[in-house]
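> Build me a model:
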Amino acid sequence: MQSRRWSAPSARTLVYEIVWDDEVIEKLWRKHHVESWEVEEVVFDDEFAEFRWARDPAYGERLLVRGETHSNRSLFVALDPIRQRGIYLCRIAFDK
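Prediction:
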């Protein structure tokens, strides 16, 4: 089994904006009790967050992020790149 490496420091600079879909926001809360602002804290504010690219057969290339909110909640986040570089659509986030 091949190990998966985390941490690509340059990936952080690629995330300029997270776009939100109302259905995803509702699903994050209903299934995982995660709020959009918590995802943004992990992606934009956690200086120790780990980023890596992954290719999923069903969903294509995604940016995966592991990090903590200001209240020390550990989250795993999956972001899909969209049209413009640096703009991502949040697909899922849950406790890691």
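> What strands line up against the helix or strand residue 77 falls within, and which way round?
Take DSSP states H and E as the rule and residue 77 turns out to sit in strand 74-81. Paired strands of strand 74-81, with direction, are strand 60-68 (antiparallel), strand 87-95 (antiparallel) (DSSP bridges).
> what would those strands look like in a markdown table with mean pLDDT, distance to residue 43 and mean neighbour count?
Every residue, glycine included, has its C-beta placed from N, CA and C. Supplementary listing: the strands paired with strand 74-81 in a markdown table, determined by pLDDT from 0 to 100; distance: least, C-beta to C-beta, whole Å; neighbours: other C-beta atoms under 10 Å:
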| stretch | mean pLDDT | distance to residue 43 | mean neighbour count |
| --- | --- | --- | --- |
| strand 60-68 | 94 | 6 | 18 |
| strand 87-95 | 96 | 8 | 18 |
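> Burial check on residue 47, number of neighbours?
Residue 47 has 6 neighbouring residues, counting by other C-beta atoms under 10 Å.
> residues in contact with it?
Listed by C-beta atoms under 8 Å, 6 or more residues apart in numbering, the contact set of residue 47 is empty.
> Please apply the same query to residue 17.
Residues counted as contacts of residue 17 (C-beta under 8 Å, 6+ apart) are 86, 87, 88.
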